[in-house]
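**Q** mind looking at a prediction? Sequence and model below.
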Amino acid sequence: MLTMPAACWLCRMPLTLAHHGICSYCQRALKPPCCCPRCGLSTFYPNEECGRCQRHPPSWQRLIFVADWQPPLKELVKKLKFSQQTALSVMLARLILLTWLTARREGRLQRPDLLLYVPLHRSRAWRRGYNQLDDMARYLAHWLAIPCAPGGLSRKKRTRVQHFLSARARRRNLRGAFKVEIEVKGRHIALLDDVVTTGSTVEEIARLLLRAGAASVQVLCLCRTLYSVGDERKINPLI
């Protein structure tokens, strides 16, 4: 039987390997700007922690992201998250893997031994029908040869949608929202999310993991929203 040729999700040119989802030309265009290796915000010295992290370091140790919250990756994330286009999962997970491997080759990243991901509250998961991170986490854990614990984190309370909240309101909204459900003492954790905006969600979870005894936390995500420091009103909304 003849098979239909696959096309790049961005430029629609034919692909030799369908599961890659995106051609090498479009992939090269997704390089992130010069950023702090810890918080992921813009800096002039990509091999050193920025002044923000030296003064007020986040709870996690590294943040790996594919690109800024801008088209074209922004549109693909929205399709996965809100339009049930779960076929994008393998391609988006691969982009995170390639970014992680690049950082690993540069000698600035430790291999984790457990993968966790940001959970949805059960009511929101029921309405949406799925957590967009489920398949991505499964692919990443397989490629990194580490276990993935789908129920390792739970969302105890239903929080307000974060899209249009300021950074301060996001922190208040997430206080006490999560719970660690498994033993993490002494383990190096990779925490997966789709988009990191102010970092409030991953900060709350990383803080809980370290309090539970985790050795370290590295955050893996598709997009990092880059905004002017101190100007919380300029945070880009997700939709």
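**A** Cool, got the structure. Worth saying up front: this structure is predicted, and the values here are computed from it rather than measured. Numbering: from 1, shown residues only.
**Q** and the helix or strand harbouring Val217, which strands flank it?
**A** Taking DSSP states H and E as the criterion, Val217 maps to strand 216-224. Strand 216-224 has the following sheet partners, assigned by DSSP bridges: strand 62-68 (parallel), strand 188-192 (parallel), strand 195-196 (parallel).
**Q** now render those as a markdown table, adding distance to Phe178 and mean neighbour count.
**A** For the C-beta atoms, the positions are set from N, CA and C on the backbone; glycine is no exception. Compiled in a markdown table, the strands paired with strand 216-224 are given as follows (distance: least, Cβ to Cβ, whole Å; neighbours: other Cβ atoms under 10 Å):
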| stretch | distance to Phe178 | mean neighbour count |
| --- | --- | --- |
| strand 62-68 | 18 | 22 |
| strand 188-192 | 11 | 24 |
| strand 195-196 | 15 | 22 |
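**Q** reformat those strands as JSON lines; add distance to Cys26.
**A** Formatted as JSON lines, the strands paired with strand 216-224 follow (distance: least, Cβ to Cβ, whole Å):
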{"stretch": "strand 62-68", "distance to Cys26": "11"}
{"stretch": "strand 188-192", "distance to Cys26": "22"}
{"stretch": "strand 195-196", "distance to Cys26": "19"}
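**Q** I'd guess Trp60 is in a strand, am I close?
**A** No: under DSSP: H, G, I helix; E, B strand; the rest coil, Trp60 sits outside any strand and is assigned coil.
**Q** report the buried residues of stretch 15-32.
**A** 15, 20-23, 26-27, 30, 32 (16 or more other Cβ atoms under 10 Å).
**Q** picking that back up, could you dump the strands paired with strand 216-224 into a markdown table and include mean pLDDT?
**A** Shown next, in a markdown table, are the strands paired with strand 216-224 (pLDDT from 0 to 100):
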| stretch | mean pLDDT |
| --- | --- |
| strand 62-68 | 94 |
| strand 188-192 | 98 |
| strand 195-196 | 94 |
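**Q** so which residues of the chain form strands?
**A** Counting by DSSP state E, the chain has strands at residues 6-7, 14-15, 62-68, 114-117, 153-155, 178-180, 188-192, 195-196, 216-224.
**Q** for the fourth one, packing partners?
**A** I take that to be strand 114-117. In this structure, strand 114-117 packs against helix 133-144, strand 188-192, with contacts taken as 3 or more Cβ pairs under 8 Å, 6 or more residues apart in numbering; DSSP states H and E.
**Q** show residues contacting the strand holding Val217.
**A** 32, 35, 40-41, 59-69, 73-74, 77, 92, 95-96, 100, 109-110, 112, 140, 188-196, 202, 205-206, 209-210 (Cβ atoms under 8 Å, 6 or more residues apart in numbering).
**Q** deepest of the helices and strands packed on strand 114-117, which one?
**A** strand 188-192 (a mean of 24; mean count of other Cβ atoms under 10 Å).
**Q** related to what we said a few turns ago, format the helices and strands packed on strand 114-117 as JSON lines; extra columns: distance to Glu181.
**A** As requested, those are exported to JSON lines (distance: least, Cβ to Cβ, whole Å):
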{"stretch": "helix 133-144", "distance to Glu181": "15"}
{"stretch": "strand 188-192", "distance to Glu181": "13"}
